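Chemist: One predicted model, sequence on top.
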Amino acid sequence: MAKYEHIEETEKNLNGSGLRIGMVMSRFNIEASEGLLSGCVAALTHHGVNTSDMILVTVPGALEIPVALRKLASSGKYDALVALGAVIRGETYHFEVVSNESARGVMQVQQETGVPVANGILTTENDDQAFSRMGEKGRDAGLVAIEMANLMRRLS
Ligand code: INI
């Protein structure tokens, strides 16, 4: 990847061994959330994260995800966190509030605590879109958590 010979460049490191990962999952739209979770756990274990180094915290809805993330982040026990949930427009007229505020909360936690948080909260128009995207979205969130955890170690 190094394009510039004299510039030090960080590398994408997806080795998950020894990493401690916290997942916070909303139970709202549970089928989609569980699809996200299985994609995420599959990616984490595939890349070497031990299931004994993971914690799964569940909350009622996406709006409750940030406060639980913040608690995990401030515990100092986790290298990275993952937010998992599904906000589906068909189910709510306050779709924008739930999707925007949950995303804002997730970003705030990572910026204010320095613990990376992968945003695996799906926002879709309907159930079908959620079901067709959940596996890949969960997987991507798991990979982002590993990469960012390693990057934070590399930079400190
Ligand atoms: N929470 C979700 O995670 N997904 C949704 O689609 C959703 N809808 O449709 O409203 C949702 N609402 C609940 C919200 O996250 C809170 O739990 C609730 O407002 C209580 O604070």
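Modeler: Structure's in. What do you need?
Chemist: what's the nearest residue to the residue in the chain positioned nearest to the ligand if we skip its chain neighbours?
Modeler: For the chain, the nearest residue to the ligand under the criterion C-beta to the nearest ligand atom is residue 61, separated by 2.1 Å. For the C-beta atoms, the positions are set from N, CA and C on the backbone; glycine is no exception. Computed as C-beta to C-beta, 6 or more residues apart in numbering, the closest residue to residue 61 that is not its neighbour in sequence is residue 28, at 4.2 Å.
Chemist: ok, residue 32 touching residue 86?
Modeler: Yes. Between residue 32 and residue 86 there is a contact at 3.6 Å, judged by C-beta atoms under 8 Å.
Chemist: hang on, the earlier thing: assumed the residue nearest to residue 61 was part of a helix.
Modeler: No. Counting by DSSP: H, G, I helix; E, B strand; the rest coil, one finds residue 28 to be coil, located in no helix.
Chemist: Is it in contact with residue 102, as I believe?
Modeler: No. In this structure residue 28 lies outside contact range of residue 102 using C-beta under 8 Å: 10.4 Å.
Chemist: These two: who's more crowded?
Modeler: For residue 28 against residue 102, the residue with the higher neighbour count under other C-beta atoms under 10 Å is residue 102, and the figures read 23 against 20.
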